Each structure stands twice: as structure tokens, then as C-alpha cells.
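Participant: what's the 3D shape of this:
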Amino acid sequence: MCGIAGYTKKSTYHDEDLISTIHATQAHRGPDHQGTWQDDLWVLLHQRLSIIDLDTSANQPMVKDDWVIIFNGEIYNYRSIRERLVSKYGISFHTQSDTEVLLELYRLKGMESLQEIRGMFSFAIYNTKSQDLMLVRDPYGIKPLFYKAGNDGFSFASELKTLTKFPDFDRQINMNAVVAAINYLWIPGNKSLFTRIKKVPAGHYVHINREGKEVVKSYYQLPTQIVNLSEEEAIVKLEMTLSQSVQRHLVADVPVSALLSGGIDSSLIVSMATDSTALSSYSIGINEEDKKVEQMPDDARYARQLAQQLGLDHHEIFISPEITKELPHMVYHLDEPIGDPAAINTYLISKAARDHGCKVLLSGMGADELFFGYRRQKAICHAQRYQKIPAIMRSIIRQTANGLPVRMGGFGVKPVRWAQRFLSFADYPTSYAYMRSYSYYDESSMRQLFHPDIENEYQQLVLRHDQLFHSAYKHDLVNQMCHTDIHMFMQGLNLTYSDRASMAASVELRVPFIDQEVVELAMSLPGSLKYKRQVQKYLLKKAAENHLPDQIIYRPKASFGAPIRRWISGPLNEMTNDLLSSENIKNRAIFNPDFVENIIKEDKKGRRDYAYQIYQLLTLELWFRQFLD
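Facilitator: As a prediction, this is how the structure comes out:
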């Protein structure tokens, strides 16, 4: 796991100070070595976190004959590819690294090589003769890659903040991305908050020729064909495929540890991993006062129980309100305003792991998207039945629920919170209802929140979501939601914050569920095997029965979150009053200060739950101050 960056030479900004600045900006991604290569056209830079082949000969940029590569990620099947390249083609290798294997495979097969590799990656490969450069990002966007093109040259980097370090950087804000960030709490697709900066889309490559012209093309599309398997056959195949993925994800020349939440996903990954290696594990603990407001289950108890059963060296990190002082630091490292405090958990675990000498953590991320594990997914199924209730009855239900408080006497009232959330989208058509199930404003509220007219931007969001929702599995609602989540929620939020937060602590986070073979198998299974007899993740739970006790498999779902409602009403109260004051909101000229003031008041009184909306407004204002002002 590393950081990469590069740019075409322009006399207006090319100098050694810029090279040093880029290395310093991404040093947390690669504290073990920083390398630079350049010719008369390109400068390529690499920051290395040594995990496979720790020898200095594997440092990057790696140069071999007419080729130069800078690589961020891991190729988990590199050993078998290497053996084939040696035996079949007689290729000689000078290192034991996966980087050299990737370079040689690409040199042999070009873009066809991407069909053979299994891993997470973003890389740049350059031919010094043709002076063509290729930027490539893995099929599901596990590893980030930003780029900027224009008359002032082409530049790219693992982190957005790096591209802002170039002299005369154009800081024009993309209002479409601002609207998306407020609506979802994250930014989907290939946009960023800066108009000039884009992301290389997942499963795509960008070809830049010597004249600086870029062409963006897709090399991977997720298959959506359902395969006819019996339940028993599907269980066996899933268990085998996931186990093989876990074994691949253990490939490293440093010890591998695990993030263990106590839920089925991370627990299953850890259990399968311990079949072949000893692990240390890390989990988050929440104090009792915070649990009271959030009404959070005790995840840590299940993690401790499994760790003891498997003989793990287990570490529990308690999250305290003091961590809110680190919010500006987190916003900086996340590169984008992400209103999900789960990023803080990931950072704390990664930092603790790094303090114990760990460079690699396994995660259970991805299972909810693939196997129908989110409550909001099940809620959409219930919404279809709810819509059959007479309209007058639904109106009474909605008025009653919205009149109840979400917090009383310092205790959160979770059933009311959930009911109000469900009723905020239950009456809409399915596609829009699903978008609303993980967005935080309806169309009317969005118009009231924003000071400028954002009707067009909002309608673009709705249209893109609707097109994606209806693009596959038209007669399988469960898989429609899973497919949408893979492209929206998983790529836009979960993989984004997990990479940034873990790499902020110089730790590589690996995600065995988001392996190409696992994902393609999961999305070839009918929704009836994922949601059966009101049991979510049905097939995954059946596959887990050979590895985990029932009390972990069939326990109530808990989110990997932080006590944000407690923080907003407590330790973040002063920051909220300051950053989101009417004067500051008015000066920013993006939001309606009266609307912002009203949601803060409603939340403080416990009438409505606006904690996530307030948290995202905070992170956005902090982002503006760090990246714009």
C-alpha cells in the first residue's frame, strides 16, 4: 500500500520544491521510502509502505527497460502469475515484489493483463519510448486516484489534497458535488468538490499520450447474470470462494491483523483467517453514557467473546468525546466532506494497530452491500406493503410518529427515530424511496437549505440514481438494491473513508468480501437466497454456521458507527454554535442560515434527529476552511 503521484513538466511550476511538497503531503501513505523518477515530459513520484518484498530493490518508481511503474495496492495472486511468466515466457525477475510481476504482465499483455490480476490497486505505467502513460484503478474503486487535466498540464495523485499544492491551482467549487455531499453525506461517482479535479472511475483506465490528450475507458463491468444454483450448492460455493479470498488476502511479508467488530462479517473473516495464521485483532468500545443516547448494542462484548474462543491477541480501543477535537485532522485526511463518523473508528483502530507495529488489517466491509445486510434495504421491502395501507391511515401514522420526541431525559428513543426515518421515504416510488433511505433531505428540504437555486443539481442526482437502480435485476428488488449499493454506497462512502482513515495512520486495510470472485458470485445469486423468511444475509449466515456460534451469526445488526448524537448535543456543541452560526453561514453564501438554525434547535430540543445533517454541515465548513479559504 502506497501513495502515487505524477505530473507533466511545465516551466510555470516544475521545481524541486514541488516534488518535496508532494512527498511530504502523501508521506503517511508511504513512510518507508519516497522515490522520484523523471524524463523530459513526466515526473513520477512514489511513497512506499513496505508490505510485500521488504527489500530496497522493490522500491518505486520501478524502472525496467523502457517501462516505469508506480503502484499503490496489492496483487494477491502475484505468485502464481510470476510462476507462469517464468515457466511459459522465460521472464527474469530481479525482486520478489508484486509490482514487478504487474509490470511484466502488463508489458506482455497490455490492458488484457487486468483480467488476470486479483487485488486492489491504482497505478501508473509509462513507456519511455512512446511517452504514453496509463492510469488504472481497480474494478471496485478500493484504492483512490485523482487527476486534473488542462492547459497547464496533466497531474494525478492518490489524494486530492496533493493536487491542490500545485501553484495557481483553480479552486472553483463544483456545486453538483456540494449538493451530493449534503444529500448523501458523501460524493458519488467520479466528481470531487473542485471542478478541475476528477476521480478515475472504478474499473476504468485513463490513457494520456505525449501531447497530453486523455481518453477515459472502462475495462470492467460487473456481470449481472443470475446463475441457477440450489441453496445447498450456493452455500458450499460461497463458503469455498470466500475462504479462498481470505487466504489470498493474507499474502504479506509482515504480520496481518484484523478489525473485529463482533458482527458476522468481520467475525467470519477472522475465523477463516485463523485457520492458517495467528492474528491479533482490534475493536472499538463505547462508554455507557454515549450508549445511552445512541441506544447502541454492546458490540465489544461479542468481539471479546470470539477473540477468546479463537485465541486472538485482542485489543479494545475506547472512543471518547475527546476525539471530536481531532475532527479538523480527520476532515483533512478524508480529502472530502464525509459525514459518517465511522471514519473516526477506522482511524482509531488503525492508529492503535500501527502503535502495536501492525501494517495490515483485514476488514469485513462489503458484506452488507453484497448480501442484503442493511436495515434500510429491508425497510424498502416493508415500504411496499406499507403503501397498501389506506392513505388516511398512513397520514395518521405519520403525524403521530413525527409528533413524538427522539430523545427524552438523556436517553435516545430508537423506535421513534427509526419510525420517523422510515416514514420519511415509505410513500415514494421504489427507486426514489431507496435513494431517500440513505439520503438526509427530501427535495423540498434541499430547496430550503440551499441559498442558491440547486433544483437542476438535485434533479441530476435523482436521475443518475434512478438510471443506476433500474440498470439491472429489473425483476429482483433485493439485487437491485445490492447492485445500487455496490456502485453508490460501497464505492462512494465505505471504501472512501476506510482507505483515507487507515492510510492516515499508515496502515493498509484489506477487504476480502470485495474480491472480484466473491463479488461476482454474490451478484449471480438470486435475491431470494439473500433475504429469506425475513432473515437478511440469509445465505451468508448459513455459510457462516460452520465457523461461528449462532449468537454471533443471528444477533441483531449493529452499525459500525460512533455516538454522533451524543457528540452533537455535547462535546461538539460549541463547535456547532461557532462554525454554523448565522453569520458564518450567511458569509459562506451557500446555505440558508434560518434553515440551518432551525434544524440545530430541533435537534437540541430532542424533537427531531438531525445529528448527521449537523455533523455533515460541520465537516463541510471545516473542509471549506482547510481546502478553499
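Participant: Would you mind giving the secondary structure of residue 427?
Facilitator: coil (DSSP: H, G, I helix; E, B strand; the rest coil).
Participant: That one contacts residue 387, correct?
Facilitator: Yes - the pair residue 427 and residue 387 passes the contact test of CB atoms under 8 Å, sitting 6.6 Å apart. For glycine as for every other residue, the C-beta is placed from the backbone atoms N, C-alpha and C.
Participant: Helix or strand: which one has residue 276?
Facilitator: In this structure, residue 276 is located outside every helix and strand according to DSSP states H and E.
Participant: What of residue 207?
Facilitator: In this assignment (DSSP H and E), residue 207 forms part of strand 204-208.
Participant: now for that strand, which elements pack on it?
Facilitator: Helices and strands in packing contact with strand 204-208 are listed as strand 133-137, strand 214-218; criterion 3 or more CB pairs under 8 Å, 6 or more residues apart in numbering; DSSP states H and E.
Participant: Tabulate the ones you listed in a markdown table, adding columns for mean neighbour count and distance to residue 61.
Facilitator: Written out in a markdown table, the entries for those read as follows (neighbours: other CB atoms under 10 Å; distance: least, CB to CB, whole Å):
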| stretch | mean neighbour count | distance to residue 61 |
| --- | --- | --- |
| strand 133-137 | 23 | 12 |
| strand 214-218 | 12 | 21 |
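Participant: So which of those strands is nearest residue 310?
Facilitator: Among these, strand 133-137 comes nearest to residue 310, with 34.7 Å by CB to CB.
Participant: Give me the buried stretch members for stretch 20-30, please.
Facilitator: 22, 23, 25, 26, 28, 29, 30 (16 or more other CB atoms under 10 Å).
Participant: What of stretch 166-186?
Facilitator: For stretch 166-186, the buried set under the neighbour-count rule, 16+ other CB under 10 Å, comprises 166, 169, 174-186.
Participant: Residue 378: which of those is nearest?
Facilitator: The nearest member of the buried residues of stretch 166-186 to residue 378, counting by CB to CB, is residue 184 at 19.8 Å.
Participant: what about the closest residue to the closest one other than its chain neighbours, how many residues close to it?
Facilitator: By the measure of CB to CB, 6 or more residues apart in numbering, the closest residue to residue 184 outside its immediate chain neighbours is residue 439, 5.5 Å from it. Number of residues near residue 439 (other CB atoms under 10 Å) recorded here: 20.
Participant: so residue 439 touches residue 186, yeah?
Facilitator: No - Residue 439 is not in contact with residue 186 according to CB under 8 Å; the separation is 10.4 Å.
Participant: Report the mean per-residue pLDDT for stretch 301-311.
Facilitator: Per-residue pLDDT values over stretch 301-311 give a mean of 91.
Participant: And the average pLDDT for the strand holding residue 207 is what?
Facilitator: Strand 204-208 comes out with an average pLDDT of 97.
Participant: Let me know the angle separating it from strand 214-218.
Facilitator: Between strand 204-208 and strand 214-218, the angle comes out at 160 degrees (axes from the mean of the first three to the mean of the last three CA atoms, to 10 degrees).
Participant: Alpha carbons of strand 204-208, as CSV, please.
Facilitator: Presented in CSV, the C-alpha positions along strand 204-208 are these (Å, rounded to 0.1, in the frame of the first residue of the first chain):
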residue,chain,number,x,y,z
HIS,A,204,-11.5,2.3,-15.7
TYR,A,205,-8.2,3.5,-17.1
VAL,A,206,-7.1,6.9,-18.4
HIS,A,207,-4.7,7.0,-21.4
ILE,A,208,-2.6,10.1,-21.7
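Participant: how far out from the middle of the chain is that strand?
Facilitator: 22 Å (CA atoms, centre = their mean, to the nearest Å).
Participant: shaky segments in the stretch 301-450 of the chain?
Facilitator: Low-confidence regions of the stretch 301-450 of the chain, defined by pLDDT under 70, span residues 321, 409-412.
Participant: Please enumerate the strands of it.
Facilitator: For the stretch 301-450 of the chain, the strands defined by DSSP state E, counting those that start in this stretch occupy 313-319, 360-362, 407-408, 411-412.
Participant: Could you list the alpha-carbon positions for stretch 408-425 in PDB?
Facilitator: Taking C-alpha atoms only, stretch 408-425 is exported to PDB below (Å, rounded to 0.1, in the frame of the first residue of the first chain):
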ATOM      1  CA  MET A 408     -36.100  12.100  26.500                       C
ATOM      2  CA  GLY A 409     -34.200  12.700  29.700                       C
ATOM      3  CA  GLY A 410     -30.800  12.000  28.100                       C
ATOM      4  CA  PHE A 411     -32.000   8.700  26.600                       C
ATOM      5  CA  GLY A 412     -32.400   8.200  22.900                       C
ATOM      6  CA  VAL A 413     -35.700   6.800  21.800                       C
ATOM      7  CA  LYS A 414     -34.600   4.500  19.000                       C
ATOM      8  CA  PRO A 415     -38.100   3.200  17.900                       C
ATOM      9  CA  VAL A 416     -39.300   6.700  17.300                       C
ATOM     10  CA  ARG A 417     -36.100   7.600  15.500                       C
ATOM     11  CA  TRP A 418     -36.400   4.600  13.200                       C
ATOM     12  CA  ALA A 419     -40.100   5.200  12.600                       C
ATOM     13  CA  GLN A 420     -39.600   8.800  11.600                       C
ATOM     14  CA  ARG A 421     -36.800   7.800   9.300                       C
ATOM     15  CA  PHE A 422     -38.900   5.000   7.700                       C
ATOM     16  CA  LEU A 423     -41.900   7.400   7.200                       C
ATOM     17  CA  SER A 424     -39.700   9.900   5.500                       C
ATOM     18  CA  PHE A 425     -39.400   7.700   2.400                       C
END
